[in-house]
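Student: missing the sequence, but the structure's below:
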């Protein structure tokens, strides 16, 4: 019986160790989340409004007008990368390739 009691005691220690390990991992995750930079909702909204009002979005031509001819890098299937024009397809007439 003493061997059985020793095995039970050892099992209890392992269970306690696993519980402690799980609590420490959770504590670590919570500390990482607490150290993450946070901003208030009003500041986030102001940042968003500032970005939208200062960056042109040509998908809203009523507001921003149409882009200048030749400034659309996706026209006629061309894509600019690192200053080079690469044709995506010789027969492509759009800006996108569907697969």
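Tutor: Cool, got the structure. Note that the coordinates shown come from a computational prediction; the quantities given were computed from them, not determined experimentally.
Student: by contact count, what packs against the host helix or strand of residue 26?
Tutor: Using DSSP states H and E, residue 26 sits in helix 2-35. Counting contacts by 3 or more CB pairs under 8 Å, 6 or more residues apart in numbering; DSSP states H and E, helix 2-35 is packed against no other helix or strand. Just so you know, the C-beta spots here come from the backbone N, C-alpha and C atoms, and that holds for glycine as well.
Student: chain center to the helix or strand that comes right after it: distance?
Tutor: Going down the chain from helix 2-35, the next helix or strand is helix 41-54, by DSSP H and E. Mean-position distance between helix 41-54 and its chain equals 19 Å (CA atoms, centre = their mean, to the nearest Å).
Student: what sits up against helix 41-54?
Tutor: residue 39 (CB atoms under 8 Å, 6 or more residues apart in numbering).
Student: what bits of the protein have low per-residue confidence?
Tutor: Low-confidence regions of the chain, defined by pLDDT under 70, span residues 1, 73-95, 99.
Student: spatially central residue for it, please.
Tutor: Nearest to the mean C-alpha position of the chain, by CA atoms, centre = their mean, lies residue 36 at 14.9 Å.
Student: measure residue 61 to residue 96 for me?
Tutor: 19 Å (CB to CB, to the nearest Å).
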